[in-house]
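Trainee: here is my input; please provide its structure:
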Amino acid sequence: MTNINDIDDLTLNFKMKYERFKKQCDIVQRVGMLDKCGDGSLKGFYGYDLATVALRLIAADGVININEVRYYNQLFDFDYTSQELLELYRGCSDMLLGDYFESDFSDAFTRLRGISPSLAIDYKELLGYLCEIIISSDGEVTDDEVEEVETLKSLCR
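Mentor: The predicted structure is shown next:
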């Protein structure tokens, strides 16, 4: 199991790599590889995607722990309370659960790979950090969480 100091280090690495990822998204859009007006913001879309994945992982074991909320807030510069995060999850749980999410997530990764293979590699690395941070942050890694991580990683091929 990952200890809290390791999680803090992973969080710092994630934030540093996430900032680099967002800058690279802007560069891809600036050099004309994507139409921002027609396709939207890459960094906005994939940032939302990562935050959604984190929320799905937080809820995978059926409990929203205070440490999970703290790391979620640190990773994405949010300021949710446990209750607010629970309400957010309840409000979008239909979207987060089941085949719809998995299909949409897989399609989004495939699209990113088509836009920029190097961004797709960076995104997959961010996903790995994110998964490790979230599932370890409550002090217990459940089988449901491990299964969810395996599913997410399998969708990024």
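Trainee: quick one: the helices in the chain?
Mentor: Ranges of helices within the chain are 4-30, 36-39, 42-59, 66-76, 82-96, 99-115, 117-136, 143-154, based on DSSP state H.
Trainee: count of neighbours near residue 4?
Mentor: 12 (other CB atoms under 10 Å). All C-beta spots, glycine's among them, are computed from the backbone N, C-alpha and C.
Trainee: oh, that last question was meant for residue 22, not what I typed.
Mentor: Residue 22: 16 neighbours (other CB under 10 Å).
Trainee: name the nearest residue to it, sequence neighbours excluded.
Mentor: Using CB to CB, 6 or more residues apart in numbering and skipping the chain neighbours, the partner closest in space to residue 22 is residue 43 (4.1 Å).
Trainee: so that neighbour sits right up against residue 18, yeah?
Mentor: No: using CB atoms under 8 Å, residue 43 is not in contact with residue 18; the gap is 9.3 Å.
Trainee: and the spatially most central residue of the chain, what is it in contact with?
Mentor: With distances taken as CA atoms, centre = their mean, the chain has residue 50 as the residue nearest its mean C-alpha position (2.3 Å). Contact analysis of residue 50 by CB atoms under 8 Å, 6 or more residues apart in numbering lists 18, 75, 76, 123, 126, 127, 130.
Trainee: need the residues you listed in a markdown table (columns: neighbour count).
Mentor: As requested, the contacts of residue 50 are exported to a markdown table (neighbours: other CB atoms under 10 Å):
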| residue | neighbour count |
| --- | --- |
| 18 | 22 |
| 75 | 22 |
| 76 | 19 |
| 123 | 24 |
| 126 | 22 |
| 127 | 22 |
| 130 | 25 |
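Trainee: ok, these vs residue 156, which is closest?
Mentor: Nearest to residue 156 among those: residue 127, at 6.4 Å, using CB to CB.
Trainee: next one: that closest one from residue 109, what distance?
Mentor: In this view, residue 127 and residue 109 are 9 Å apart by CB to CB, to the nearest Å.
Trainee: which residues are common contacts for the two?
Mentor: Common neighbours of residue 127 and residue 109, counting by CB under 8 Å, 6+ apart, are residue 156.
Trainee: flag the shaky bits of the chain, pLDDT-wise.
Mentor: 1-2, 32-40, 98 (pLDDT under 70).
Trainee: give the contact list for the residue nearest to residue 78 when sequence neighbours are not counted.
Mentor: Closest residue in space to residue 78, ignoring its immediate chain neighbours: residue 72 at 6.5 Å, by CB to CB, 6+ apart. Contact analysis of residue 72 by CB under 8 Å, 6+ apart lists 51, 54, 55, 58, 78, 80, 85, 134.
Trainee: fine, thanks again, bye for now.
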